[in-house]
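Novice: Kindly generate the corresponding structure for this input.
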Amino acid sequence: MSQVISVEPSRHEFWNCLGVMDAIARLGTSTGKSLAELMIVTAVLGIVASLAAPAYQSFQTRVQTRTATAEIASTLSMARHLAMARRERLLIRFDLSEQTITIR
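Specialist: This is a model prediction of the structure:
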């Protein structure tokens, strides 16, 4: 009869393999950042944000256009199916001032 012995690593060995223990040890010895370093990082983030703003605005416009197009297509499809089911003509009214679509 053979006996199976399982050897499991301790918790500390497991976390040390992942590098967690080293990261925890470094937390206590961290050094502060100088004001100049923080100002440089803030300036770089500001430049990146100012470059990203126009791209985001054009992206937002494209999304709104696609959403409006999909809504109009869905309404037209629904009106077509409803007209076929009722066997009558329907009137679709687009109100630009209130930005609504009505089916009568």
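Novice: how about the helices in the chain?
Specialist: 11-17, 20-28, 35-86 (DSSP state H).
Novice: Let's have those helices in TSV, adding distance to Arg104.
Specialist: Where you see a C-beta, it was placed from the backbone N, CA and C, and this is true even at glycine. Listed next are those as TSV, based on distance: least, C-beta to C-beta, whole Å:
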stretch	distance to Arg104
helix 11-17	68
helix 20-28	66
helix 35-86	10
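Novice: Using JSON lines, please lay out the ones you listed together with mean neighbour count, distance to Ser97 and mean pLDDT.
Specialist: Below are these laid out as JSON lines (neighbours: other C-beta atoms under 10 Å; distance: least, C-beta to C-beta, whole Å; pLDDT from 0 to 100):
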{"stretch": "helix 11-17", "mean neighbour count": "11", "distance to Ser97": "64", "mean pLDDT": "59"}
{"stretch": "helix 20-28", "mean neighbour count": "10", "distance to Ser97": "59", "mean pLDDT": "68"}
{"stretch": "helix 35-86", "mean neighbour count": "11", "distance to Ser97": "15", "mean pLDDT": "92"}
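Novice: Phe94: which of those is closest?
Specialist: Among these, the nearest to Phe94 by C-beta to C-beta is helix 35-86 (8.1 Å).
Novice: Run the chain-centre distance for the closest one.
Specialist: 12 Å (C-alpha atoms, centre = their mean, to the nearest Å).
Novice: same thing with stretch 91-101?
Specialist: 31 Å.
Novice: Out of the helices of the chain, which gets nearest to Ile101?
Specialist: Of the helices of the chain, the one closest to Ile101 (C-beta to C-beta) turns out to be helix 35-86, at 4.9 Å.
Novice: elements contacting that closest one?
Specialist: strand 92-95, strand 100-103 (3 or more C-beta pairs under 8 Å, 6 or more residues apart in numbering; DSSP states H and E).
Novice: quick check: mean pLDDT across the first one?
Specialist: Averaged over strand 92-95, pLDDT sits at 91.
Novice: same question, the last one
Specialist: Along strand 100-103, the predicted confidence averages to a pLDDT of 88.
Novice: Offset the numbering so it begins at 182, please.
Specialist: Got it, first residue is 182 now, which makes that one strand 281-284.
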